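Chemist: structure here, sequence nowhere to be found:
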């Protein structure tokens, strides 16, 4: 019944979501940063700017809850060849557990629990090998994702993505919003999309990147417009290994949310 129903669908977007559009994959990315200030930051719940990998590395999961030893977490990203990849890992409390094979990750996109309840009731960190304090990696530059359980998010909130090898990315627009992180005066914020593309002469086998450049920007204020949505009449096209990040600044500490939709199309 499902296959018959799928083949009767003519809408391209619905076919993509149902996996009936060949080698085309849709990604919805969303993020939250609870303390954006005057210094530019990525819109993700770790805060600050992610230190992106330039070569494959091993990734590990750890939890702040010592008793979380049975929960299975699904992790999505790019493998050592910059191709799409999904692995699962079983938590071992505050200890780091390797996710998949050694040196097999170049990007982390998303993580969430796929095993039955209960949840860990505390945060899960995805990071490179590091010393830990009660399950939390000590080195900020080694952290690549955070699953916040106390805030009931229960999955990563990370508004950034990298186009897989052998694909193009079709970027359809984005939305952003701002809230006061502290009570009192109004907050003004800017949300923007920045991209970093492979440098001239670089290859997937030997990648290097240009600096990030801003391709779209909008202003927000808690006294006026607090949400903005930008939908492009024609999608923007990006080549393989392009890093796409939503970033933000604010006049004073603010909560910034953002999301975007992107289609990966294999060449």
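Modeler: It's in. Note that the structure is a prediction, hence the values are computed from the model and not measured. Numbers count the residues shown, from 1 in each chain.
Chemist: partners of the residue most central in space within the chain in the sheet?
Modeler: Centroid-nearest residue in the chain, with Cα atoms, centre = their mean: residue 158, separated by 3.3 Å. In this entry, residue 158 is beta-bridged to residue 44, by DSSP bridges.
Chemist: and if you look at residue 261?
Modeler: residue 28.
Chemist: what about stretch 94-105, distance to the chain center?
Modeler: 18 Å (Cα atoms, centre = their mean, to the nearest Å).
Chemist: may I see the buried residues of it?
Modeler: Neighbour-count burial for stretch 94-105, with 16 or more other Cβ atoms under 10 Å as criterion, is recorded at 94, 96, 97, 99, 100, 104, 105. For every residue, glycine as well, the C-beta is placed using N, CA and C.
Chemist: before we move on, what about stretch 209-228?
Modeler: 209, 212, 216, 218, 220, 222, 226, 228.
Chemist: in the protein, what residue spans correspond to helices?
Modeler: Along the chain, counting by DSSP state H, helices occupy 2-7, 12-17.
Chemist: worst average pLDDT in those?
Modeler: Per-stretch mean pLDDT for the helices of the chain is lowest at helix 2-7 (a mean of 44).
Chemist: hang on, the earlier thing: tell me which two of the buried residues of stretch 209-228 sit farthest apart.
Modeler: Farthest apart among these by Cβ to Cβ are 209 and 222. That separation is 34.6 Å.
Chemist: for residue 218, give its distance to residue 229.
Modeler: Distance of residue 218 to residue 229, computed by Cβ to Cβ, to the nearest Å: 9 Å.
Chemist: nope, residue 74 is what I was after
Modeler: Here the criterion is Cβ to Cβ. By it, residue 74 lies 29 Å from residue 229.
Chemist: between those two, which is the more surrounded one?
Modeler: Shown here are residue 74 and residue 229; by other Cβ atoms under 10 Å, residue 74 has more neighbours (16 against 11).
Chemist: list the contacts of that one.
Modeler: 86, 87, 88, 111, 112, 113, 114 (Cβ atoms under 8 Å, 6 or more residues apart in numbering).
Chemist: so the closest residue to it other than its chain neighbours versus residue 172, what's the distance?
Modeler: Spatial nearest neighbour of residue 74, excluding adjacent residues (Cβ to Cβ, 6 or more residues apart in numbering): residue 114 at 4.6 Å. Using Cβ to Cβ, one gets 28 Å for the distance from residue 114 to residue 172.
Chemist: and what of residue 68?
Modeler: Distance of residue 68 to residue 172, computed by Cβ to Cβ: 37 Å.
Chemist: please apply the same query to residue 160.
Modeler: For residue 160, the distance to residue 172 - Cβ to Cβ - is 16 Å.
Chemist: which of the two has more neighbours?
Modeler: residue 160 (22 against 17).
Chemist: burial count for the residue nearest to that one when sequence neighbours are not counted?
Modeler: Once flanking residues are discounted, residue 160 sits nearest to residue 245: 4.1 Å by Cβ to Cβ, 6+ apart. By other Cβ under 10 Å, the residues close to residue 245 number 25.
Chemist: ok, residue 245 touching residue 215?
Modeler: No. Between residue 245 and residue 215 there is no contact under Cβ atoms under 8 Å: 10.7 Å.
Chemist: from residue 255, how far off is the residue lying closest to residue 227 once chain neighbours are set aside?
Modeler: Distances taken as Cβ to Cβ, 6+ apart place residue 177 nearest to residue 227, at 4.1 Å, with adjacent residues excluded. Distance from residue 177 to residue 255, counting by Cβ to Cβ: 9 Å.
Chemist: ok, now residue 196?
Modeler: 25 Å.
Chemist: many thanks, have a good one.
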